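Peer 1: okay, sequence plus prediction incoming.
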Protein chains: 2
Amino acid sequence: MTCTKNLKNVVQIGIVVDDIEDVARKWCKILGLEKPKIIETDDWNKTKAMYRGKPAGKAKLAFIELDNIVIELIEPIDGDSTWSTYIKNYGQGVHHIAFKVENVDECIEKLKDIGGDIEQLGYFENGIYIYMDTRKSLGTVIELLKFFNN
Amino acid sequence: MTCTKNLKNVVQIGIVVDDIEDVARKWCKILGLEKPKIIETDDWNKTKAMYRGKPAGKAKLAFIELDNIVIELIEPIDGDSTWSTYIKNYGQGVHHIAFKVENVDECIEKLKDIGGDIEQLGYFENGIYIYMDTRKSLGTVIELLKFFNN
């Protein structure tokens, strides 16, 4: 039941882009916001990020805070990842929608039940992320975010 | 200023799909919801929908109501449209994110200022929609929704 509740609240829309500086600047221009800090994903020894069974590449990230949701901009910068594959195949676009979840295993099972599969996962500073390939069943990748401190 | 405020609240995420019955069923399964009614866009004499200067094709639509946002599923069913072009080029995926706006002209101008262009527009029962091609500047198509009754 926890998972059903968690999956009713979209926390982020993840957009893969070619040039994060440029796209962040334009989002901020239309929203009247200060340009956000652009960060890089941690090195692999911290993230342990795996993409389809192999170490995943890195990305630059920027978070644009809207009122009800966060737009996450992602520019792949090296190595193969779910993000680099997306941009090679499709160009810029919405890569995933993200949900903050309490019980990761329950949500993974629920998404596997409808045909989903783990595509990439890794650690970030205070949590873990899992991209589920639910393109066929739900029409988009779903990201599960589990924070360790709440 | 109205537009800046309106563009901070995402009201819908629009996902183009091959088989709306199947995808709607799977969204509802993970969310514990009743399957939504599947509707068709109105005929052209009502919508006057135009896609890049020509009458736009139709689509089946379903709306999955999450807590903070609506997932709009879209299955193109005939003719050329922004939706049919998307699915031909990319397969299933997130086509746009939508905002409810008060001043359509102000928002169109704001999005044109950052390089956007009108891609498709038309009427629905109680309003008008405009898809802005902001793929290059914002990484996704933006839909502006203007309701006539509020």
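Peer 2: Good, I have the coordinates.

Peer 1: pretty sure A:Glu21 sits against A:Cys28.
Peer 2: No. Using CB atoms under 8 Å as the test, A:Glu21 is too far from A:Cys28 to be in contact (10.9 Å). Yep, even glycine has a C-beta here, placed from its N, CA and C like the rest.

Peer 1: three-state assignment of A:Trp27?
Peer 2: Assigned with DSSP: H, G, I helix; E, B strand; the rest coil, A:Trp27 falls in the helix class.

Peer 1: do I have it right that it meets B:Thr140?
Peer 2: No. No contact is recorded between A:Trp27 and B:Thr140 when judged using CB under 8 Å, the distance being 10.4 Å.

Peer 1: return the residue of chain A that is most distant from the centre.
Peer 2: Here chain A reaches farthest from its C-alpha mean at A:Gly32, the gap being 24.4 Å by CA atoms, centre = their mean.

Peer 1: quick check: which element contains the closest residue to it other than its chain neighbours?
Peer 2: Nearest-residue entry for A:Gly32: B:Thr4, 4.6 Å, with adjacent residues in sequence omitted and distances by CB to CB, 6 or more residues apart in numbering or on different chains. Per DSSP states H and E, B:Thr4 falls inside helix B:2-6.

Peer 1: so what does the host helix or strand of A:Ile71 touch, helix or strand wise?
Peer 2: If you go by DSSP H and E, A:Ile71 is part of strand A:70-78. Judged by 3 or more CB pairs under 8 Å, 6 or more residues apart in numbering or on different chains; DSSP states H and E, the packing partners of strand A:70-78 are strand A:10-16, helix A:20-31, strand A:58-65, helix A:82-90.

Peer 1: average pLDDT across that strand?
Peer 2: The average pLDDT within strand A:70-78 is 97.

Peer 1: in that strand, what counts as buried?
Peer 2: Residues of strand A:70-78 classed as buried by neighbour count (16 or more other CB atoms under 10 Å in any protein chain shown): A:Val70, A:Ile71, A:Glu72, A:Leu73, A:Ile74, A:Glu75, A:Pro76.

Peer 1: walk me through which strands it pairs with, and which way each runs.
Peer 2: The strands that strand A:70-78 pairs with in its sheet are strand A:10-16 (parallel), strand A:58-65 (antiparallel) (by DSSP bridges).

Peer 1: and those strands, which is most packed in?
Peer 2: Mean neighbour counts were compared across the strands paired with strand A:70-78 using mean count of other CB atoms under 10 Å in any protein chain shown; the top stretch is strand A:10-16, at a mean of 23.

Peer 1: what are the contacting residues of that strand?
Peer 2: Strand A:10-16 has contacts (CB atoms under 8 Å, 6 or more residues apart in numbering or on different chains) with A:23, A:63, A:69-76, A:83, A:86-87, A:92-100, A:143, A:145, B:10, B:13, B:66, B:68-69, B:94, B:97, B:138-140.

Peer 1: so it versus helix A:20-31, what angle?
Peer 2: If you take axes from the mean of the first three to the mean of the last three CA atoms, to 10 degrees, strand A:10-16 sits at 130 degrees to helix A:20-31.

Peer 1: TSV please, covering the helices and strands packed on strand A:70-78 and showing mean pLDDT.
Peer 2: Supplementary listing: the helices and strands packed on strand A:70-78 in TSV, determined by pLDDT from 0 to 100:
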stretch	mean pLDDT
strand A:10-16	98
helix A:20-31	98
strand A:58-65	98
helix A:82-90	97
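
Peer 1: wait, which of those is closest to B:Ile128?
Peer 2: Taking CB to CB, helix A:20-31 is the member of these nearest to B:Ile128, at 19.9 Å.

Peer 1: buried set for the closest one?
Peer 2: Of the residues in helix A:20-31, A:Ile20, A:Val23, A:Ala24, A:Lys26, A:Trp27, A:Lys29, A:Ile30, A:Leu31 count as buried by neighbour count, 16+ other CB under 10 Å.

Peer 1: list the helices and strands the helix or strand following that helix packs on?
Peer 2: Counting by DSSP H and E, the next helix or strand C-terminal to helix A:20-31 is strand A:39-40. For strand A:39-40, the elements it packs on are strand A:58-65, judged by 3+ CB pairs under 8 Å, 6+ apart.
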